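Peer 1: Everything below, folded, please.
(2 chains)
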Protein chains: 2
Amino acid sequence: MNWEQIESRLDQLMAENRHGLLRGALMMLNPVDIAGYMKKLNREKLLMLFRILPKDVSADVFSYMDTDQRQELVESIADAEISALIDEMFVDDAVDFLEELPANAVKRVLQNTDPKTRAIINQFLKYPENSAGSLMTIEYCEVSQDMNVGDALKSIKETGVDKETVYTLYMLDAQRRLIGTIPLHKALVVPEETALIKLMDPGIISVNTLDDQEIVADTVRKYHLLSIPVLDGEGRLVGIITSDDIMDVIEEENTEDFEKMSGLAPAEQPYFKTKLTTLAINRLPWLMILMFTSIISGAIISRFESVLAVNILLSASIPMLMDTGGNCGQQASTLMVRGLALGEVQFKDLFRVLWTEFRVGGLIGIVLSSVTFLRLMFLNSAPVVTSAVISVSLFATVVIAKSIGCVLPLLAQRVKLDPALAASPLITTIVDACSLFIFFTIASHYIAQIAA
Amino acid sequence: MNWEQIESRLDQLMAENRHGLLRGALMMLNPVDIAGYMKKLNREKLLMLFRILPKDVSADVFSYMDTDQRQELVESIADAEISALIDEMFVDDAVDFLEELPANAVKRVLQNTDPKTRAIINQFLKYPENSAGSLMTIEYCEVSQDMNVGDALKSIKETGVDKETVYTLYMLDAQRRLIGTIPLHKALVVPEETALIKLMDPGIISVNTLDDQEIVADTVRKYHLLSIPVLDGEGRLVGIITSDDIMDVIEEENTEDFEKMSGLAPAEQPYFKTKLTTLAINRLPWLMILMFTSIISGAIISRFESVLAVNILLSASIPMLMDTGGNCGQQASTLMVRGLALGEVQFKDLFRVLWTEFRVGGLIGIVLSSVTFLRLMFLNSAPVVTSAVISVSLFATVVIAKSIGCVLPLLAQRVKLDPALAASPLITTIVDACSLFIFFTIASHYIAQIAA
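Peer 2: Numbers count the residues shown, from 1 in each chain, chains lettered A, B, ... in the order given. You can find the predicted model right below:
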């Protein structure tokens, strides 16, 4: 059965109100797919389907649902029901959900959850948004230094059902400080009497509760981890973050970079969930700034009006110079933004990068300006001087664009700005002004020959 | 100890040739960090350090090393030594490494590995690059329908040390077809007599050996998986892909999108590892194409030369119109590329997207063109007609740019091109030509009033 068949089968069971069968059918699906199917349901059906699900499945499905569908459900069901749901959910998912709710709703919901969950959630809600603390879960397995493998497996058996991941055991000392980790698979292949401490890996790779999610993602990716422990300021273990949540963080951070590089304010919501005015407001600030900075290019053009009047080929070359410069700058800046994000380039490489881009710009400049020179001479039958002026300007534009393009993101990183911001269309506007200025300066110098 | 201290301690031990201590010190580090430390060593020291490492650690370190350092090592050590290394490595890492080697070196190396490993590696080398088959590993735990939990744990104990991940058990039928999976943590919390099939999740989420790595990454991310089974054409289990490898794929695919959106040919190597000529050649094709397409804009300018001669404000507005149009188009196309990549937008949404962007464009157009009208009237003391012509052109430019920007990536996706390609600077060039054409058409219409 493909997805359309599954959907139409569910639609049918739904229409015929065969709840028993529907429940059975849903049990065959992944919670992600159930949440996907729910997207097209109206409020009433949504509520009905949700209530049909077994409790543990419904908590899972709920954590994969859209923000607005969750809101809808929360408005439709009683506080006690929501609280039961929250008790079933993993703490990190519950916190994610509560962060979306209005403050008074959070209070109301929490009043009904059991006191232990409430205390934990309250503590989690205090961590700054996008910090390791806000991503972590407390469902992990801890062991102490005097335990052996048998003890550990017994402890998993007793408490493990609720654990989001039991695949790494965290060994704590009496002060709850993390002293090492034991990958579960190591414990599974030795006799039960083996002391856990013998299997322990003392090289702890961890993050702090206040670390930004970008640091968490970079660390997990670098060390190929399945989960990473989160420590507080005193080195005590307070939670773990699992790799599946990290993948979402990676995509989120990449989306943010894409948006910044296109002069968009980062969007909180998927495209179709965003209000029209929000879509417009996210885009306006940079457009406004860039519109005003491009007036500089306009001012350069009007200052050199007399030059333009001499030869129409000069005016006609403006878009070519501006576009090529912009593209060259964007290429260099994109390479830097990715290089920085993946740890391949650092600020200390500034001069090495600049020297590389300078030479790459030279190579590209020679090719592009030779082609342009030949085109102007033979296709447009332009005089040698005019062709030379335009192609030399193009060469200078390419070299300058590459240099500005590579330097700005590195400088931005240095002053703790996001390099992606510096790779925004701002580069195009700066390069535009520079290239027009060079072009007109060279052209004015040879104005007599061009006019002749 | 921070990283600098660790490095200088290692340097010291290295300089004093205290191999025993050095080995001990290295054992405290993560293989990723050992590979990181090796980056700054010369060939001789690299070889020495590598030989000091215990065999299983060295295979791990080797798989995290740079391509060129691996090449260096391979040239320095005997074939038998390389083959021993490959026997120790996980199959997917070994295949990755062999793919980098020249064909004759691969042959030489494989001749020395044990026949079983050789057969597996040869089979893996046949899968297309960036396919699920080329990413997968064969280190996984399979179980049969008649086994109970105790049998499974015993089988892990016997064979598990070599498994890259034992955290999901794959249940196969007699034909080696996958019939379901059992998360290990479920097996750990029940009595050993429990039949595995009772714990089995029959909802299989899998990929095919020939699926592109992008599909693999999307599936793993969507369903929050730790690993995904890879099936052949007949539904038989041939390997698994673990989530840590998926993270690298996600970053790789994102980098490719960033590069395409900036008119760069995808680079195979990190920035500083790439030859100058390759850097230039990766950037030239699009620059050349875009340079030639921007000649269209130039042609439009020269066709309307007489219009420009009338009023310098018209010439001075060209950069503003071109830049704003380009930025608006890029914003819309970036949103579409991300929406498509994250599955939030599909081709069937074309008209819905177009209608949204049309209205967003309208809103933004009104704001930008009003501001421009006021600026021209009051700051530049321009006549009403001139100001109106420029701001109406700006409005039209914004609306058209948004529409083209959102449609092109969706169309590209439809005809199986990468949407990121359609979000490249090509959009800017198309929008440039359109906006200049509209601008001049409107301006020529009011030429008499502007001149007056």
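Peer 1: Could you find the closest non-adjacent residue to the residue sitting nearest the centre point of chain A?
Peer 2: Closest residue to the average C-alpha location of chain A: A:Glu253 at 1.6 Å, with C-alpha atoms, centre = their mean. Spatial nearest neighbour of A:Glu253, excluding adjacent residues (C-beta to C-beta, 6 or more residues apart in numbering or on different chains): A:Glu214 at 5.4 Å. Bear in mind the C-beta positions are built from the backbone N, C-alpha and C, glycine included.
Peer 1: ok, now which ones touch A:Arg23?
Peer 2: Counting by C-beta atoms under 8 Å, 6 or more residues apart in numbering or on different chains, A:Arg23 makes contact with A:Ile52, A:Leu53, A:Pro54.
Peer 1: Next one: it relative to chain B, how far apart?
Peer 2: 15 Å (C-beta to the nearest C-beta, to the nearest Å).
Peer 1: ok, the residue nearest to the centre of chain A to A:Tyr127 distance?
Peer 2: 18 Å (C-beta to C-beta, to the nearest Å).
Peer 1: What is the least confident helix or strand in chain A?
Peer 2: helix A:103-112 (a mean of 74; mean pLDDT, DSSP states H and E).
Peer 1: now the angle from whatever helix or strand comes next after it to helix A:103-112?
Peer 2: Downstream of helix A:103-112, the next assigned helix or strand under DSSP states H and E is helix A:115-125. Angle, helix A:115-125 to helix A:103-112, by axes from the mean of the first three to the mean of the last three C-alpha atoms, to 10 degrees: 150 degrees.
Peer 1: Helix A:115-125 - what's its average pLDDT?
Peer 2: On average, the pLDDT along helix A:115-125 is 78.
Peer 1: Which strands or helices does it pack on?
Peer 2: Here helix A:115-125 touches helix A:79-88, helix A:91-100, helix A:103-112, going by 3 or more C-beta pairs under 8 Å, 6 or more residues apart in numbering or on different chains; DSSP states H and E.
Peer 1: how far off helix A:79-88 does it point, in degrees?
Peer 2: Using the same axes, to 10 degrees: helix A:115-125 against helix A:79-88 is 70 degrees.
Peer 1: buried stuff in helix A:115-125?
Peer 2: A:Thr117, A:Arg118, A:Ile120, A:Ile121, A:Phe124 (16 or more other C-beta atoms under 10 Å in any protein chain shown).
Peer 1: Also stretch A:264-277?
Peer 2: A:Leu264, A:Ala267, A:Tyr271, A:Thr274.
Peer 1: same for chain B: which of those residues are within range?
Peer 2: Counting by C-beta under 8 Å from any C-beta of the partner chain, A:Leu264, A:Ala267, A:Tyr271 from those sit close to chain B.
Peer 1: Just the closest of the residues you listed to A:Glu139, please.
Peer 2: Closest approach to A:Glu139 among those (C-beta to C-beta): A:Ala267, at 30.6 Å.
Peer 1: For the closest one, give me phi and psi.
Peer 2: phi -90, psi 140 (degrees, to the nearest 10).
Peer 1: related to what we said a few turns ago, using a markdown table, lay out the buried residues of stretch A:264-277 together with secondary structure and pLDDT.
Peer 2: Below are the buried residues of stretch A:264-277 laid out as a markdown table (DSSP: H, G, I helix; E, B strand; the rest coil; pLDDT from 0 to 100):
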| residue | secondary structure | pLDDT |
| --- | --- | --- |
| A:Leu264 | coil | 81 |
| A:Ala267 | coil | 75 |
| A:Tyr271 | helix | 80 |
| A:Thr274 | coil | 81 |
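Peer 1: list the helices and strands the strand or helix carrying A:Ile400 packs on?
Peer 2: Assigned by DSSP H and E, A:Ile400 falls within helix A:384-414. Here helix A:384-414 touches helix A:312-341, helix A:350-374, helix A:419-422, helix A:426-445, helix A:447-451, going by 3+ C-beta pairs under 8 Å, 6+ apart.
Peer 1: Out of the ones you listed, the one nearest B:Ser63 is which?
Peer 2: Of the helices and strands packed on helix A:384-414, nearest to B:Ser63 by C-beta to C-beta is helix A:312-341, at 22.5 Å.
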